[in-house]
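Undergrad: Sequence below, structure please.
(one chain, ligands or ions: 1)
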Amino acid sequence: MAADKRGMHGVWASRWTFILAATGSAVGLGNIWKFPYITGENGGGAFVLMYLACILVAGIPVMMAEVLLGRKARLSPINTMSHLSAEYNAPKFFRSIGWLGALAGFFILSFYSVIAGWTLSYTGKMISGDFTGATGEMAGKIFGDLLADPVSLTMYHTIFIILTGVVIARGVNEGLEKTVRVLMPLLFIMLVLLMGYSMTTPGFADGFKFLFSFDASKLTADSVVVALGHSFFTLSLGMGAIMAYGAYMPQQASLGKTVITVGILDTLVALTAGLVIFPIVFSQGLEPGAGPGLMFQTLPVAFGSLPGGAFIGTAFFILVAIAAWSSAISIAEPAVAWAVEKGATRLVATMIVCGAAWALGMLTVLSFNELSDFTFLKGTFFDNLDFLTSNIMLPLGGLLIALFVGWFMKERAVAKEANVQSEMVYNIWRVMLRFVSPLAVLFIFVNGLL
Ligand code: TRP
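TA: Residues are numbered from 1 along each chain as shown. Okay, the predicted model is just below:
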């Protein structure tokens, strides 16, 4: 009976479909837009190393735990957590994993959609050949003009959220699977080709050194918090997205191999994106710490100088938009799945979640123009929302998930559900989840936030 256990939302066709969907969720703006720009802001190699360490120590173990929870209960994260906390007599606050997650998802979707809108706008700019022969300076100006225009930003934000809603409303099998199957591999091939280009630029050696040379003096407590937060963000962890996808995972698939595959693919895409972007930064005399505009000021220069660049550039931004699309879907899924369990239709649930995220997203739109001078704590409204979600809510969610699976679920149930073939892998995971991941998260938190 256990073999065909499935929830009300459907089941992925196979383990590979789960890997594709989870990779589709993990690979997104986080890899291509955010990873390079925060690496630039945090000084390069030392930050990259911290990020890789966080993926290993916290990301992969927590990801296995999230998938496990989802698959065990086969419900939305909110109901998964309330069922399982009751089943294992865990303290009530573990239920907050689900609620905190849905809230974080709503916050993240609101700004994610705005940034994804930029990629749509750039698709248009590429088609019309705006960047042919452009220098870094010209690309910077074009980007600045886009940010200064709240009407365009709103339009692209609106288009993106509608696209997201359409796929979510169609449900797990029909909507989510088909989109990612073909397009993810294409994006990766495109990045590798672009890396071929960046290797020919004069800044390649500098770019490479920037990414991979370790200089401990560049590491601050703050940048370690950012590295930890990003390791959760990039793997879609800490808010239930991967838990929701785990709920649709076939029963017999092994957790370890599946999750490690997703982790490796995600990391490869991020590092490749870095190897494309930083050589261009140094070749063009741009600033690595340019912030959220980094990708939009560098890649168009590459396309502008390549034969057929307008065409390649158009295809590239379409693929990035699609990567963002398959991620955005997973950000909204926990809240939508919960509303469906409450009796809403998928369509209504989608409209409410996406509509609310759209409205909140307007504050991010305005953070880049009308409200750019309105700063508090970490900066603009967008900066604060980004910091709060990635660097506080996701690690907190991840910490609670690790503690719940590591300390409150019965070991036998965990071992059975995990279905990890190698005993050594299982044991390492267990120790990581119980001791290493929680302590790492706590330590980084306490150090960084105080
Ligand atoms: N991981 C995606 C990216 O890197 C974004 C994302 C999707 C996400 N689902 C998530 C981030 C859930 C946090 C939580 O672009």
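Undergrad: Could you pick out the residues of the stretch 201-350 of the chain near the ligand for me?
TA: In this structure, the stretch 201-350 of the chain approaches the ligand at residues 233, 234, 236, 239, 241, 327, 330, 331, judged by C-beta under 6 Å from any ligand atom. Quick note: C-beta positions are derived from backbone N, CA and C, even for glycine.
Undergrad: swap that for the stretch 51-200 of the chain, please
TA: Checking the stretch 51-200 of the chain against the ligand by C-beta under 6 Å from any ligand atom, the hits are residue 108.
Undergrad: Please report how far the residue of the stretch 51-200 of the chain at minimum distance from the ligand lies from residue 367.
TA: Relative to the ligand, the nearest point of the stretch 51-200 of the chain is residue 108 (5.4 Å; C-beta to the nearest ligand atom). Distance of residue 108 to residue 367, given as C-beta to C-beta, to the nearest Å: 15 Å.
Undergrad: what's around the residue of the stretch 351-450 of the chain found nearest the ligand, how many residues?
TA: Residue nearest to the ligand within the stretch 351-450 of the chain (C-beta to the nearest ligand atom): residue 394, separated by 5.9 Å. Neighbourhood size, residue 394 [other C-beta atoms under 10 Å]: 27.
Undergrad: Next secondary structure element downstream of the one helix or strand residue 270 maps to?
TA: Under the criterion of DSSP states H and E, residue 270 resides in helix 255-283. For helix 255-283, the following helix or strand on the C-terminal side (DSSP H and E) is helix 294-305.
Undergrad: Just list what that following helix packs against, helices and strands only.
TA: helix 35-41, helix 96-127, helix 136-147, helix 178-199, helix 255-283, helix 309-341 (3 or more C-beta pairs under 8 Å, 6 or more residues apart in numbering; DSSP states H and E).
Undergrad: OK, contacts around the closest residue to the ligand within the chain?
TA: Relative to the ligand, the nearest point of the chain is residue 30 (2.1 Å; C-beta to the nearest ligand atom). Residues near residue 30 by C-beta atoms under 8 Å, 6 or more residues apart in numbering: 230, 233, 234, 270, 327.
Undergrad: thought the last one was touching residue 24?
TA: Going back to what we said before, that points to residue 327. Yes: assessed by C-beta atoms under 8 Å, residue 327 is found in contact with residue 24 at 7.0 Å.
Undergrad: follow-up on the earlier one: which residues sit in contact with the residue of the stretch 351-450 of the chain closest to the ligand?
TA: 104, 229, 232, 233, 237, 238, 239.
Undergrad: element containing the second one?
TA: Residue 229 is part of helix 221-234 when elements are defined by DSSP H and E.
Undergrad: Per-residue pLDDT of the residue nearest the centre of the chain, please?
TA: Taking C-alpha atoms, centre = their mean, the centroid of the chain lies closest to residue 234, which sits 3.6 Å from it. On pLDDT, residue 234 comes in at 98.
Undergrad: One more: residue 394?
TA: So residue 394 comes in at 97 (pLDDT).
Undergrad: just the one 4 residues further on next, same as before
TA: Note on residue 398: pLDDT of 97.
Undergrad: Tell me which stretches of the stretch 351-450 of the chain form helices.
TA: 381-386, 394-403, 411-418, 423-431, 437-449 (DSSP state H, counting those that start in this stretch).
Undergrad: Highest mean neighbour count across those, which stretch is it?
TA: Mean neighbours per residue, mean count of other C-beta atoms under 10 Å, is largest over those for helix 394-403, with a mean of 25.
Undergrad: And that helix, how far out from the chain middle?
TA: From the chain centre to the centre of helix 394-403 is a distance of 16 Å (C-alpha atoms, centre = their mean, to the nearest Å).
Undergrad: can you check stretch 341-356 too?
TA: Averaging C-alpha positions (C-alpha atoms, centre = their mean) puts stretch 341-356 22 Å from its chain's average.
Undergrad: Tell me, how many residues neighbour residue 407?
TA: Counted with other C-beta under 10 Å, residue 407 comes out at 13.
Undergrad: How about it: what's its closest non-neighbour residue?
TA: Once flanking residues are discounted, residue 407 sits nearest to residue 434: 6.4 Å by C-beta to C-beta, 6 or more residues apart in numbering.
Undergrad: separation between the nearest residue to residue 368 once chain neighbours are set aside and residue 252?
TA: Among residues not flanking residue 368 along the chain, residue 147 sits closest, at 4.2 Å (C-beta to C-beta, 6+ apart). Distance of residue 147 to residue 252, computed by C-beta to C-beta: 49 Å.
Undergrad: between those two, who's got more neighbours?
TA: Legend: neighbour count by other C-beta under 10 Å for residue 147 and residue 252, higher for residue 147 (18 against 10).
Undergrad: show me the contacts for the nearest residue in space to residue 436 that is not next to it in sequence.
TA: Distances taken as C-beta to C-beta, 6+ apart place residue 57 nearest to residue 436, at 5.6 Å, with adjacent residues excluded. Counting by C-beta under 8 Å, 6+ apart, residue 57 touches 432, 436, 437, 440.
Undergrad: again with residue 261
TA: With C-beta under 8 Å, 6+ apart, residue 261 has these contacts: 19, 23.
Undergrad: Looking at it now. What's its pLDDT?
TA: 95.
Undergrad: Tell me the spacing between it and residue 15.
TA: For residue 261 relative to residue 15 (C-beta to C-beta), the value is 9 Å.
Undergrad: And the helix or strand residue 17 falls within, what's buried?
TA: Per DSSP H and E: residue 17 is located in helix 15-26. For helix 15-26, burial by neighbour count (16 or more other C-beta atoms under 10 Å) applies to 15, 17, 18, 19, 20, 21, 22, 23, 24, 25, 26.
Undergrad: got the angle for the helix or strand of the chain with the lowest mean pLDDT vs helix 294-305?
TA: Least confident helix or strand, the chain: helix 178-199 with a mean of 84, by mean pLDDT, DSSP states H and E. Orientation check (axes from the mean of the first three to the mean of the last three C-alpha atoms, to 10 degrees): helix 178-199 against helix 294-305 gives 70 degrees.
Undergrad: Residues touching the helix holding residue 229, excluding its own?
TA: For helix 221-234, contacts defined as C-beta under 8 Å, 6+ apart pick out 26, 30-31, 34-35, 38, 42-43, 46-47, 50-51, 53-55, 58-59, 62, 237-238, 266, 270, 387, 389-392, 394-395, 397-398, 440-441, 444-445, 447-449.
Undergrad: what's the answer for stretch 75-95, then?
TA: 7, 69-70, 72-74, 96-99, 101-102, 239-240, 243-244, 247, 334, 337-338, 340-341, 400, 403-404, 408-410.
Undergrad: Thanks a lot, catch you later.
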